[in-house]
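> Below are the sequence and a predicted model; questions follow.
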Amino acid sequence: MNEMLKILIIEDEKRVADQLKKMVKAYLCQVTHHIAVLLDLEDAIDHLQTQKVDLVLLDLNLDGEDGYQLLETFPALAHQIIVTTAYKAKAAEAFDYGVLDFVPKPFRKDRLEKALHRWQVRRKAIDHSTQYLVLKHVHRNEIIEVDKVVFIQGDGHHSLLQLESGPSRSHHKSLDQLSQLLPKHFERVHKSYIVNKKAIQQLDILPGSKYFFRTLGGFKVPVGRKFYKRLKEGFI
């Protein structure tokens, strides 16, 4: 079965969002995909904190809100973002963040398809997941095999990696940054946790709508309510 591509359109004008969705859908007609549309920046940030995406089409002017906030919140996602705006001068700055491309409004079919083709080529050429994580110590670097990690906990601008045994280890990247680099079997299950699905042993459901994964090593990883909804839908 082909992998489903997840695309997110962030556009405050529903008519424009529907037009863009239709054009992207037509281009990807031969590919299994799902396109989500969000009209609000806050909803978009919330969405990206809980779900992985393969491509974002981002309007920079969202009903008075600045789309650059999203670029600043998710810097590791920039290579998967195509900027869409009527203001060319505003879009130029987006390339400083490392965005993939810029498609001006009103949309031209050939220009949008060029940007989507560029995204597909880059996606095939680069494996964005990593098999090893490097922990930086004062006098040496420690290399950890990703599949040895049971779960990862957010720790401000850093993260804590928990292996099956031993104390957790600090990593210099944030949880949001790591979520864009890890293989597909690592899933965000809480605003502060990513779990290795291969390490899950069972799901505990407790009174008060509290959910936990029991993992290898005897750890309990909390599952957020919004993530549990996705569990029931078979996402994980």
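Done, it's in. Residues are numbered from 1 along each chain as shown.

> for V16, what are its contacts?
By CB atoms under 8 Å, 6 or more residues apart in numbering, the contact set of V16 is 59, 105. To be clear about C-beta, it is placed using only N, CA and C from the backbone, and glycine gets the same treatment.

> pLDDT value on it, please?
At V16, the pLDDT value in this model is 95.

> same question, the one 3 residues further on
According to the per-residue confidence, Q19 scores 96 in pLDDT.

> Quick check: closest non-adjacent residue to it.
In space, and not counting its chain neighbours, Q19 is closest to F107: 6.8 Å by CB to CB, 6 or more residues apart in numbering.

> And for E42?
Using CB to CB, 6+ apart, the closest residue to E42 is E65 (8.0 Å).

> So the one you found versus Q131, what's the distance?
Computed with CB to CB, to the nearest Å, the distance linking E65 and Q131 is 38 Å.

> Can you check the pLDDT for the residue nearest to Q19?
92.

> is it true that K148 touches S165?
No - if you go by CB atoms under 8 Å, K148 and S165 don't touch, sitting 9.8 Å apart.

> more crowded one of these two?
Between K148 and S165, counting by other CB atoms under 10 Å, K148 is the more crowded of the two (14 against 10).

> which residue packs closest to the more buried one, ignoring adjacent ones?
Nearest residue to K148 in three dimensions, chain neighbours excluded: L163, at 5.4 Å (CB to CB, 6+ apart).

> hey, where'd the helices end up in this structure?
14-27, 41-50, 68-73, 88-94, 109-125, 175-179, 225-232 (DSSP state H).

> Mean neighbour count, those: which tops it?
helix 175-179 (a mean of 21; mean count of other CB atoms under 10 Å).

> can you list the residues that contact that one?
With CB under 8 Å, 6+ apart, helix 175-179 has contacts from 49, 52, 73-76, 133, 152-154, 159, 171, 186, 188, 192-194.

> tell me, what residue is most central in the protein?
Nearest to the geometric centre of the chain sits K52, at 3.3 Å (CA atoms, centre = their mean).

> Now for that residue: which residues touch it?
6, 179-180, 184, 187-188.

> Between E65 and Q131, which is the more surrounded one?
E65 (16 against 10).

> Enumerate every residue touching the more buried one.
Contacts of E65 by CB under 8 Å, 6+ apart are 40-42.

> got these as a markdown table, with pLDDT and distance to I200 columns?
Converted to a markdown table, those look like this (pLDDT from 0 to 100; distance: CB to CB, whole Å):
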| residue | pLDDT | distance to I200 |
| --- | --- | --- |
| D40 | 92 | 33 |
| L41 | 93 | 33 |
| E42 | 92 | 31 |
